[in-house]
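Colleague: next come a sequence and a model predicted from it.
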Amino acid sequence: MSPNPLRALFDLRRTHKRILQVLADTLLLSASFVLAMLLRTESFEFISDPKVWAALVAALPVTLILFVKLGFYRAVIRYMGLRALITILNGVAASALAVSAMIVWLDLPIPSTVPVIYAVLAMCTVGGIRFALRAIYQRTHSRDKTRVIIYGAGQSGRQTAHSMWQGMEHTTVAFVDDNPDLWGSQIAGLRVFAPSELERLVRDYGAKVLLLAMPSASRAARAAILKRLEHLPIRVQTIPGMAELVTGKHKVNEITEVSVEDLLGRDPVPPDPALMAANIRDKAVMVTGAGGSIGAELCRQILRQRPKVLVLFEQSEFALFEIGQELSAIRKGGGLNTRLVQVLGTVRDRARMENLMRRHGVETIYHAAAYKHVPMVEDNAVQGLANNLFGTLACAQAAVAAGVESFTLISTDKAVRPTNVMGASKRLAELVCQALAHDGGRTRFSMVRFGNVLGSSGSVIPLFRRQIAAGGPVTVTHREIMRYFMTIGEAAQLVIQASALAEGGKGGDVFLLDMGEPVKIAELAARMIRLSGFAPVIEGDSAARKAAAVADVIPIVFTAPRRGEKLFEELFIGTVSEPTRHSRILMATETSLDWVRLSALLNDLQAACDADDEQELRRLLSDAPIGFAPRRAGAAPVRSDAAATTATPAAAAAQPAPVNALLQSGAAGG
């Protein structure tokens with residue numbers, strides 16, 4: 001038997017609880033009637049009069065039967081609310097009417113005001129004991145719950161507070177809102193405070209979590225709020241933003257970790273419907289690497305534009321199955337008539353690629369198939385180059401032979417003055433597309449170059465989250481390393497729109513996506529740690545040893561830089577660029593190699609790949625006119641000129657980045 005009587009009471013089986021409630025109500029109603037008679041007559045003489053008890057005998061079954069019919073005994077006491085109160089009121093009112101009817105019908109010696117007094121007392125006893133038990137239960141369990149402050153007292157905040165009130169893990173202690181009109185008011189039984197009082201609230205209430213409940217706020221607004229919350233010793237979580245709610249990715253009241261999108265505070269530009277549909281609507285579209293991070297998002301965006309056919313080309317069976325299942329569900333849910341074709345294979349098989357393009361009448365290709373993980377490609381240089389370069393070559397030549405209208409290569413900022421094999425392979429892939437574009441064929445080639453996307457495979461963000469959850473340390477390769485970031489959804493939309501912009505170009509156009517401001521990775525890690533409720537300690541700081549003894553500290557440790565890693569990434573190679581009709585897409589004018597010069601280099605590289613000769617491959621890349629400057633593991637990361645590496649595309653257009661001597665000489669198409 002439980003040592004706590006209340007715990008034993010709440011732990012009873014449902015049937016036993018209902019029997020106990022009926023017995024308790026019988027006792028409480030009887031006591032209310034007796035007390036009503038005593039208050040009215042001021043004497044106990046009525047106790048010996050059988051006629052007086054006839055009224056109670058009639059009232060009791062009426063009340064209990066009505067409670068049963070209204071489902072009163074099915075209600076869970078710990079969750080009782082207004083509806084249960086109304087049920088009690090109706091039952092007690094019916095009981096009082098039954099007493100009045102018996103008084104009149106049998107001409108009983110009971111004062112006419114007794115039913116009214118009885119009703120008031122019954123309401124207080126029957127209802128009061130239940131709400132008292134509910135309060136005791138909530139107070140007992142709230143001691144074990146995580147205390148939460150909700151930032152945002154709007155509809156989402158109120159719904160979230162109600163959900164937490166019913167849950168077993170969290171309890172809301174206060175609201176905070178930016179609206180001065182709400183300060184001091186009561187919402188859902190909780191007071192609304194100004195943001196300036198947050199530090200005191202965290203201390204006084206012992207809150208461990210601050211929940212940002214502002215789904216309709218822009219990312220810029222959410223980022224500004226998060227900036228103000230960073231210094232607080234509290235874990236910050238959020239409910240999904242409007243974009244996640246609209247797409248169905250998350251639901252209202254679903255608590256998630258603060259997204260990096262919110263930390264960066266970058267609001268996407270609404271897509272241009274004409275550009276989104278130009279190369280897709282009612283056309284046959286192929287996406288290579290359809291199961292990858294970028295490829296899969298491209299497929300989602302493309303399907304919403306209602307192509308006639310969408311060919312998913314992927315090397316990984318599992319990845320193809322996953323994206324195929326997802327797209328089939330989207331097609332069914334949206335009532336779309338697009339025919340989905342799932343194809344397993346390698347882009348290096350030119351004959352098969354051409355056959356597929358002809359068979360399905362492919363008009364538009366988005367070439368996203370590539371090995372993108374820098375250290376992995378560095379350790380497997382031959383296979384990385386063969387896939388990224390010669391896969392692009394085979395796919396592009398197949399497109400030309402099959403008469404494909406538009407071919408868009410998904411490139412990377414690592415192709416600019418590459419320091420690793422992955423970047424070099426992508427720069428050579430760009431040169432292939434440029435050379436084929438200038439060869440006078442029907443196919444319109446373009447390239448879209450951008451930096452890291454949030455949530456992609458191999459991204460540091462999921463790694464940081466896992467390391468924080470494990471208690472640290474969080475590992476960063478270098479104290480000064482910086483990267484551009486963009487969401488996968490925005491990147492895919494901009495790729496599709498850039499592809500449409502190529503229609504008016506001269507062919508072989510290189511489009512650059514405005515990635516915003518570069519982010520210092522160590523600072524990003526520190527912000528993620530702080531918003532998780534911990535204190536970051538950076539390796540080598542004087543306070544590190546002192547803080548290491550504190551339980552809520554997570555260290556940031558700098559590891560040796562990886563092979564081929566730059567300090568900063570760049571987007572520009574040449575010195576000339578121009579804006580486009582889209583505010584976040586810039587077109588670069590860069591030199592290139594003609595097909596005759598390029599083919600000689602390709603032949604030598606192909607021979608090195610066939611011989612599996614990595615040393616010769618690296619020598620050829622170093623001699624190639626692409627500005628390849630490999631960096632050994634553990635060496636200081638390469639840092640280019642600050643103007644070249646940190647500028648956004650718009651800024652770089654106004655102040656062109658300097659290029660290395662080889663490119664300035666015009667001897668190469670870097």
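Modeller: Yes, it's here.
Colleague: make it CA atoms for all contacts and neighbour counts henceforth
Modeller: Noted.
Colleague: would you map out the domains in this protein?
Modeller: 5-140, 145-264, 273-627+640-664 (automatic domain parsing).
Colleague: mean neighbour count, those domains: which tops it?
Modeller: domain 273-627+640-664 (a mean of 20; mean count of other C-alpha atoms under 10 Å).
Colleague: report the distance from it to the chain centre.
Modeller: 21 Å (C-alpha atoms, centre = their mean, to the nearest Å).
Colleague: contact partners of stretch 497-515?
Modeller: Contact partners of stretch 497-515, identified using C-alpha atoms under 8 Å, 6 or more residues apart in numbering, comprise 271-272, 275-276, 278-279, 406, 408, 433-438, 444-451, 484-486, 491, 494, 571, 580, 584-590, 648-650.
Colleague: before we move on, what about stretch 452-468?
Modeller: Here stretch 452-468 has contacts from 260-261, 292-294, 373, 473-475, 483-488, 491, 525, 528-529, 532, 554, using C-alpha under 8 Å, 6+ apart.
Colleague: gap between the two ends of it?
Modeller: One end of stretch 452-468 sits 21 Å from the other (C-alpha to C-alpha, to the nearest Å).
Colleague: give me the mean pLDDT for that stretch.
Modeller: Across stretch 452-468, pLDDT averages out at 77.
Colleague: and the helix or strand hosting Leu310, what does it pack against?
Modeller: Using DSSP states H and E, Leu310 sits within strand 309-314. Where contact means 3 or more C-alpha pairs under 8 Å, 6 or more residues apart in numbering; DSSP states H and E, strand 309-314 is packed against strand 284-288, helix 293-304, helix 317-334, strand 339-344.
Colleague: put the alpha carbons of the second one into PDB.
Modeller: C-alpha atoms of helix 293-304 as PDB (Å, rounded to 0.1, in the frame of the first residue of the first chain):
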ATOM      1  CA  SER A 293      20.000  16.900 -49.400                       C
ATOM      2  CA  ILE A 294      19.800  19.400 -52.200                       C
ATOM      3  CA  GLY A 295      18.400  16.900 -54.800                       C
ATOM      4  CA  ALA A 296      15.500  15.900 -52.600                       C
ATOM      5  CA  GLU A 297      14.500  19.500 -51.800                       C
ATOM      6  CA  LEU A 298      14.700  20.300 -55.600                       C
ATOM      7  CA  CYS A 299      12.400  17.400 -56.200                       C
ATOM      8  CA  ARG A 300       9.900  18.700 -53.700                       C
ATOM      9  CA  GLN A 301       9.900  22.200 -55.100                       C
ATOM     10  CA  ILE A 302       9.800  21.000 -58.700                       C
ATOM     11  CA  LEU A 303       6.800  18.700 -58.000                       C
ATOM     12  CA  ARG A 304       4.800  21.600 -56.600                       C
END
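Colleague: list the contacts of that helix.
Modeller: By C-alpha under 8 Å, 6+ apart, helix 293-304 touches 280, 287-290, 310, 312, 323, 327, 331, 338, 368-369, 455-457, 488-489, 492-493, 496.
Colleague: pLDDT below threshold where in the stretch 401-550 of the chain?
Modeller: The model of the stretch 401-550 of the chain has pLDDT under 70 over residues 440, 455-458, 504-506, 539-550.
Colleague: which parts of it are helices?
Modeller: 421-437, 460-469, 488-501, 521-531, 544-547 (DSSP state H, counting those that start in this stretch).
Colleague: would you reformat those helices as JSON lines and include distance to Phe33?
Modeller: Shown next, in JSON lines, are the helices of the stretch 401-550 of the chain (distance: least, C-alpha to C-alpha, whole Å):
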{"stretch": "helix 421-437", "distance to Phe33": "87"}
{"stretch": "helix 460-469", "distance to Phe33": "60"}
{"stretch": "helix 488-501", "distance to Phe33": "69"}
{"stretch": "helix 521-531", "distance to Phe33": "59"}
{"stretch": "helix 544-547", "distance to Phe33": "67"}
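Colleague: Asp204 is nearest to which of those?
Modeller: Ranking the helices of the stretch 401-550 of the chain by distance to Asp204, with C-alpha to C-alpha as the measure, places helix 521-531 first at 19.7 Å.
Colleague: list the contacts of Arg618.
Modeller: Arg618 neighbours (C-alpha under 8 Å, 6+ apart): none.
Colleague: cool, Glu363 as well?
Modeller: Lys283, Ala284, Val285, Gly403, Val404, Glu405, Ser406.
Colleague: Phe628 against Met422, yeah?
Modeller: No - Phe628 is not in contact with Met422 according to C-alpha atoms under 8 Å; the separation is 10.7 Å.
Colleague: now list whatever residues contact both of these two.
Modeller: Both Phe628 and Met422 lack any common contact, where contact means C-alpha under 8 Å, 6+ apart.
Colleague: on that earlier part again, select, out of the helices and strands packed on strand 309-314, the one closest to Thr15.
Modeller: helix 317-334 (43.4 Å).
Colleague: what residues does that closest one touch?
Modeller: By C-alpha under 8 Å, 6+ apart, helix 317-334 touches 290-292, 296, 299-300, 303, 312-314, 337-338, 340, 342-344.
Colleague: how far does the biggest helix by length in the chain sit from its chain's centre?
Modeller: When the chain is parsed with DSSP state H, its longest helix is helix 14-41. Here the centre of helix 14-41 is set off from its chain's centre by 53 Å, with C-alpha atoms, centre = their mean.
Colleague: which SSE is immediately downstream of it?
Modeller: Using DSSP H and E, the first helix or strand after helix 14-41 is helix 50-69.
Colleague: that following helix: how far from the chain's middle?
Modeller: Worked out by C-alpha atoms, centre = their mean, helix 50-69 lies 58 Å from the chain centre.
Colleague: tell me the mean pLDDT for it?
Modeller: Helix 50-69 carries an average pLDDT of 77.
Colleague: quick one, it and helix 14-41 angle?
Modeller: 140 degrees (axes from the mean of the first three to the mean of the last three C-alpha atoms, to 10 degrees).
Colleague: quick one: the helix or strand that helix 50-69 is followed by to helix 14-41, angle?
Modeller: Once the chain leaves helix 50-69, the next helix or strand it forms, by DSSP H and E, is helix 82-106. Counting by the same axes, to 10 degrees, helix 82-106 lies at 50 degrees to helix 14-41.
Colleague: hmm, who's touching whatever helix or strand comes next after helix 82-106?
Modeller: Downstream of helix 82-106, the first helix or strand assigned by DSSP H and E is helix 114-122. Residues outside helix 114-122 that contact it (C-alpha under 8 Å, 6+ apart) are 28-29, 32-33, 35-37, 40, 92-93, 95-97, 99-100.
Colleague: just stretch 521-528 next, same as before
Modeller: By C-alpha under 8 Å, 6+ apart, stretch 521-528 touches 230, 464-465, 474, 476, 478-483, 536, 556.
Colleague: just the C-alphas of the particular helix or strand that has Glu261 in it, formatted as PDB.
Modeller: For Glu261, the host element (DSSP H and E) is helix 260-264. Extracted C-alpha coordinates of helix 260-264, given in PDB (Å, rounded to 0.1, in the frame of the first residue of the first chain):
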ATOM      1  CA  VAL A 260      19.800  27.700 -36.700                       C
ATOM      2  CA  GLU A 261      17.500  29.600 -39.200                       C
ATOM      3  CA  ASP A 262      16.200  31.600 -36.300                       C
ATOM      4  CA  LEU A 263      19.800  32.200 -35.000                       C
ATOM      5  CA  LEU A 264      20.800  33.500 -38.400                       C
END
